[in-house]
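Undergrad: What follows is a predicted structure for the sequence shown.
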Amino acid sequence: MESTMKEMRDGASVLDFDSKSTVEGGVEDVYGEDRATEDQLVTPWTISVASGYCLLRDPRHNKGLAFTEKERDAHYLRGLLPPAVISQQLQEKKLMNSIRQYEVPLQKYVAMMELERNERLFYKLLIDNVEELLPVVYTPTVGEACQKYGSIFRRPQGLYISLKEKGKILEVLKNWPERSIQVIVVTDGERILGLGDLGCQGMGIPVGKLALYTALGGIRPSACLPITVDVGTNNEQLLKDEFYIGLRQRRATGQEYAELLDEFMSAVKQNYGEKVLIQFEDFANHNAFELLAKYGTTHLVFNDDIQGTASVVLAGVVAALKLIGGTLAEHRFLFLGAGEAGTGIAELIALEISKQTKAPVEETRKKICLVDSKGLIVSSRKDSLQHFKKPWAHEHEPVNNLLDAVKVIKPTILIGSSGVGRTFTKEVIEAMASFNEKPLILALSNPTSQSECTAEEAYTWSKGRAIFASGSPFDPFEYNGKVFVPGQANNAYIFPGFGLGLVISGAIRVHDDMLLAASEALAKQVTEENFEKGLIYPPFSNIRKISANIAANVAAKAYELGVATRLPRPQNLVKCAESCMYTPVYRNYR
Ligand SMILES: O=C([O-])CC(=O)C(=O)O
Ligand SMILES: [Mg+2]
């Protein structure tokens, strides 16, 4: 860095990053903070520090006791820290020890969120201990955190846009301290996981998803923006709760809702340009499909519950063929749940079969049946069905419930996307096991309480023959002397790498073929060793490598489809993805 940057300004020190440490820490910015432009050299590369006190309270730069003697001298930190100087590794060890001492998952969650004071340490912990901490900052614990957000709320995270801000959303966006945003995750809190309407308290979800964008996909934290759009809540308990943090009114709908969302979408594009990815998360069915269709042609939008889940499940099913045999087209699929996840997965599977067999998608859809709360979706129900269910209304006798549907359709693959726990009963699993040597059973609903069955139930009731994966994690289970390791069919495998692929290619639109490309890349990462354990997903411990491969495949597709704006196309997209990933190692300050 240039010496001019080290000038004293009004008696303040200028925080300047040692280039050596950025090499150690890898390239942080997608498009390289390290390959900094003039602009970036001024900000955020240098900050004036009038007092070390501010530095300690700046999460992006704080290193706590890891500030070196030299840094303590140069940046007015003397006396503000106890004398010990410790490494980031030791800080990590100490924090993991203390997090492991909490028995209640929510306490672990709060401990992780308190690490907000030191962003790099938070991500160091999360990346190095991903399998252990994913269930803490993500499903299932994040669900409980959202339910109790009012009481655990310490200080705001993310941006809140409520009906009160109507007409001023652009100004609200400008209140956010970061300018160059690459990924926004937005919710309106109406369908948080399988827990229903949690109103403004749904903020835990965008915050959690973006933590994964950074930890799993390497998008730098400063480029991530969690947003909750608060249009009210229909959750009576929250409306009565004196500690509720959101608007105390019932949900706005219709034109009022559409206008607020429209203002939001326009303001985002105006403020951040057309390459910012807007991920819709946990919207209710009736808005999710409509928003995706409406903005899919004008913005870079992605619905994780429809598209991310579809991509991850397709990958798992394709991988599972190694264990259960046959081609995709040779299987029969039955879903419990015909909302965003169910119909999204069904459509992507039908699309993939159509690509493989050259049959029109109208035909390939017939291999897939869906059951909703009123029974099998059949043509006689067509008039009363919501539009996203209509393509699945096949000619068939009405069937009232899942068990009967399993018995008549005899699926080889059973997928739960209902949001309702314990709906894969003993009879359902036994029926699946009665006509399948290896029934593939996916219980996708989150959090754990909403899972259609547990791992233990799937393995026990199928007498150890089921291939099982679930949306929220389950521990390995021993049955008849054999240890079964259930995989986690969660969109967390897809969205971080998918988003990275969009960012590195500068994509301006999402296309279904990119979802297929992401699935393909994920399925390829499952190794023989994983299959031997009955796993249809690779372990999360390799997630950064997996994400780089997904990103590369997605970016390649973006170039192929002509929606990539970053030119020329990098030759080696996996290398490009890897080198763009944020690393949480501390930087040295001069
Ligand atoms: O958050 C998760 O674990 C997966 C997901 O998107 C959902 O269940 O809505
Ligand atoms: Mg979701």
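TA: Yep, that arrived. Ligands and ions are numbered 1, 2, ... in the order given.
Undergrad: How about stretch 335-353 and ligand 1, any contact?
TA: No. Judged by CB under 6 Å from any ligand atom, stretch 335-353 makes no contact with ligand 1; its nearest approach is 7.4 Å. Placement of C-beta: from N, CA and C, glycine included.
Undergrad: Report how many residues lie close to the spatially closest residue to residue 118 that is not a sequence neighbour.
TA: Spatial nearest neighbour of residue 118, excluding adjacent residues (CB to CB, 6 or more residues apart in numbering): residue 62 at 4.8 Å. For residue 62, the neighbour count with other CB atoms under 10 Å is 18.
Undergrad: Isn't residue 62 up against residue 115?
TA: No. Residue 62 lies out of contact with residue 115 (CB atoms under 8 Å); the separation is 10.4 Å.
Undergrad: for the residue of the stretch 151-300 of the chain found nearest ligand 2, helix, strand, or coil?
TA: With CB to the ion as the measure, residue 282 is the residue of the stretch 151-300 of the chain nearest to ligand 2, at 4.5 Å. Using DSSP: H, G, I helix; E, B strand; the rest coil, the structure places residue 282 in coil.
Undergrad: Need the pLDDT of whatever residue of the stretch 1-150 of the chain ends up closest to ligand 1.
TA: Nearest residue of the stretch 1-150 of the chain to ligand 1: residue 139, at 3.5 Å (CB to the nearest ligand atom). Listed pLDDT for residue 139 reads 97.
Undergrad: residues in contact with it?
TA: If you count contacts by CB atoms under 8 Å, 6 or more residues apart in numbering, residue 139 has them with 193, 446-448, 471-473, 490.
Undergrad: hmm, back to that, okay, the residue of the stretch 151-300 of the chain closest to ligand 2 and ligand 1: tell me how far apart.
TA: 5 Å (CB to the nearest ligand atom, to the nearest Å).
Undergrad: Residue 279 now?
TA: 10 Å.
Undergrad: Could you report the neighbour count for that residue?
TA: Residues lying near residue 279 (other CB under 10 Å) number 26.
Undergrad: Please give me every residue in contact with it.
TA: 183-186, 209, 301-304, 495, 499.
Undergrad: can you do 6 Å?
TA: By CB atoms under 6 Å, 6 or more residues apart in numbering, the contact set of residue 279 is 185, 302, 304.
Undergrad: Need the three-state assignment for it.
TA: Residue 279 ends up strand, using three-state DSSP.
Undergrad: what does residue 61 give?
TA: coil.
Undergrad: What sits closest to it if chain neighbours are left out?
TA: According to CB to CB, 6+ apart, the nearest residue to residue 61 is residue 55 (5.8 Å).
Undergrad: Could you do residue 158 as well?
TA: Here the residue nearest residue 158, using CB to CB, 6+ apart, is residue 226, at 3.3 Å.
Undergrad: pLDDT on the strand or helix carrying that neighbour, on average?
TA: For residue 226, the host element (DSSP states H and E) is strand 224-230. Mean pLDDT, computed over strand 224-230, is 98.
Undergrad: residues touching the nearest residue to residue 224 once chain neighbours are set aside, list them.
TA: Excluding the flanking residues, the one nearest residue 224 by CB to CB, 6+ apart is residue 210, at 4.1 Å. Neighbour list for residue 210: 185, 224, 226 [criterion: CB under 6 Å, 6+ apart].
Undergrad: one more time with 8 Å
TA: 183, 185, 219, 221, 224-226.
Undergrad: What of residue 230?
TA: Contact analysis of residue 230 by CB under 8 Å, 6+ apart lists 160-163, 188-189, 199-200, 246-247.
Undergrad: partner residues bridging it?
TA: With DSSP bridges as the criterion, residue 230 is bridged to residue 162.
Undergrad: Show the backbone phi and psi for the nearest residue to residue 543 once chain neighbours are set aside.
TA: The shortest distance from residue 543 to any non-neighbouring residue, by CB to CB, 6+ apart, is to residue 216 (4.8 Å). Main-chain dihedrals, residue 216, degrees, to the nearest 10: phi -100, psi -30.
Undergrad: Quick check, residue 216 in contact with residue 496.
TA: Yes. With contact taken as CB under 8 Å, residue 216 and residue 496 are classed as touching, separated by 3.9 Å.
Undergrad: list residues touching both of these two?
TA: Joint contacts of residue 216 and residue 496 (CB under 8 Å, 6+ apart) are 543, 547.
Undergrad: can you list the domains in this protein?
TA: Domain assignment for the chain by automatic domain parsing gives 90-299, 307-491.
Undergrad: returning to that earlier point: cross the contacts of residue 230 against strands and list the overlap.
TA: 160-162 (DSSP state E).
Undergrad: quick revisit: give me the number of residues near the residue nearest to residue 158?
TA: Residues lying near residue 226 (other CB under 10 Å) number 24.
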